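Chemist: generate a structure from the sequence data that follows.
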Amino acid sequence: MMVIRPIRAADFPVLYEMAVESGHGFTSLPVNDELLQRKINRSEQSFRKAVSTPCDEGYLFVLEDTATGEICGTSAIEAAVGLDDAFYNYHLGKVVHTSRALGVYKTVDILTLCNDYTGATELCTLFLREHRREKNSGKMLSRFRFLFMAEFRERFSDRIIAEMRGVSDDNGNSPFWEWLQEHFFSVDFPTADYLTGIGQKVFIAELMPKYPIYVSLLSKEAQAVIGKVHEKTRPALQLLQSEGFSATGYVDIFDAGPTVEAKLEHIRTARNSRRLQVRIAPVSGGQPYLVCNTDRENFRASWTHLHLAETATEVNLPAEFAEALQVSDGDWVRLARL
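Modeler: Numbers count the residues shown, from 1 in each chain. Take a look at the predicted model:
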């Protein structure tokens, strides 16, 4: 059975393997022992911490095949970005150049460096190992986070964002960054991306253009990738769009990949989720549901087929499934239809 749970210290070796496998552009999984260990420690502390408002917590989860013990993927939630280190984006806006005397009216696109998402909750670090990219594992590894946020609402902002990986080639070269590198920096994209991943962001404030950039001055290659996603990221973007996320003109400062956002109460899985009491009983057939327990420190989530009426206050769970979620008769679960 596939079960999602909080990461543990013993998961470090496989987290490091996934960091290597994730490749260039995956900022939140840098190949750095100290930082990955720090991420695990911070996550364990966050799950234990009593919280009444989102702050610097980071929740890191893994997808485990309980039959083999294999860790198949990971995903995470940052409770509030930009409170410790500045969180940068470019905002794609417009300026108008006009002259009535000359009969000229021209709209020009510009990119402005900003910190508009400070305090927002971020979905991040979604990675499923390539040999396990089958069935619905990727969708579940993404969507269960909406159940977690709905259950522990006070721990998250109402504004939920996700940065989508932008366009880069197999060697990690980004057309957008190549233009920035030529005119403002002297480091390549993989190096800049890695430095950001390990928290060394001072160079951004020091070297990034302080004034808006006219998009028409960028190379044609750089212009073409603004707001576009990496080929491997398209399924993740489509899933978030189906949940109600949309782009609002913000892009990544390195590869110009889009940032999408939604209000928590408008996210489909969170909005349609229900909290029901457990009854242990055999279940045959039914509809697919994503289900999680309501125990923060021992959180578990998985998916199964259930029979559930719209007015139900209880849900029958098979014994094996209930055991995997660590729930018993009378406990509560939160669930949503897939």
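
Chemist: can you show me the CA trace of whichever strand or helix holds residue 113 as CSV?
Modeler: Residue 113 is part of strand 104-114, with elements assigned from DSSP states H and E. The C-alpha trace of strand 104-114 is given here as CSV (Å, rounded to 0.1, in the frame of the first residue of the first chain):
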residue,chain,number,x,y,z
VAL,A,104,1.9,57.4,-30.6
TYR,A,105,0.4,55.0,-28.2
LYS,A,106,2.5,51.9,-27.3
THR,A,107,2.1,49.3,-24.6
VAL,A,108,5.3,47.7,-23.4
ASP,A,109,5.8,44.7,-21.2
ILE,A,110,8.1,45.0,-18.2
LEU,A,111,9.5,42.7,-15.5
THR,A,112,9.8,44.2,-12.0
LEU,A,113,11.6,42.5,-9.1
CYS,A,114,9.3,42.2,-6.1
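
Chemist: residues in contact with the following helix or strand past that strand?
Modeler: Proceeding N to C from strand 104-114, the next assigned helix or strand is strand 121-128, under DSSP H and E. Residues outside strand 121-128 that contact it (C-beta atoms under 8 Å, 6 or more residues apart in numbering) are 18, 21-22, 26, 28-29, 54, 60, 63, 72-81, 137-138, 141-142, 145, 149, 156-157, 159-163, 236, 240, 264. For glycine as for every other residue, the C-beta is placed from the backbone atoms N, C-alpha and C.

Chemist: show me where this protein has its helices.
Modeler: Assigned by DSSP state H, the chain shows helices spanning 12-22, 33-48, 137-151, 175-183, 189-197, 202-207, 220-224, 234-243, 268-272, 319-325.

Chemist: so of these, which one's packed in deepest?
Modeler: Mean neighbour count (mean count of other C-beta atoms under 10 Å) peaks for helix 137-151 among the helices of the chain, with a mean of 22.

Chemist: just the pLDDT at the residue of the chain most remote from its centre, thanks.
Modeler: Taking C-alpha atoms, centre = their mean, the residue of the chain most remote from its mean C-alpha position is residue 101, at 50.0 Å. At residue 101, the pLDDT value in this model is 92.

Chemist: equivalent analysis for the one 4 residues further on, please.
Modeler: Among the per-residue scores, residue 105 holds a pLDDT of 94.

Chemist: would you turn the helices of the chain into a markdown table with distance to residue 90 and mean pLDDT?
Modeler: Formatted as a markdown table, the helices of the chain follow (distance: least, C-beta to C-beta, whole Å; pLDDT from 0 to 100):
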| stretch | distance to residue 90 | mean pLDDT |
| --- | --- | --- |
| helix 12-22 | 23 | 93 |
| helix 33-48 | 25 | 96 |
| helix 137-151 | 25 | 95 |
| helix 175-183 | 9 | 88 |
| helix 189-197 | 14 | 71 |
| helix 202-207 | 11 | 72 |
| helix 220-224 | 12 | 96 |
| helix 234-243 | 18 | 94 |
| helix 268-272 | 28 | 97 |
| helix 319-325 | 42 | 97 |
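
Chemist: what's the closest of those to residue 168?
Modeler: Closest approach to residue 168 among those (C-beta to C-beta): helix 189-197, 6.7 Å.

Chemist: and the closest one, what other elements does it pack with?
Modeler: Helices and strands touching helix 189-197, as assessed by 3 or more C-beta pairs under 8 Å, 6 or more residues apart in numbering; DSSP states H and E, comprise helix 175-183, helix 202-207.

Chemist: with distance to residue 120 added, can I get the ones you listed in CSV?
Modeler: Formatted as CSV, the helices and strands packed on helix 189-197 follow (distance: least, C-beta to C-beta, whole Å):
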stretch, distance to residue 120
helix 175-183, 23
helix 202-207, 18
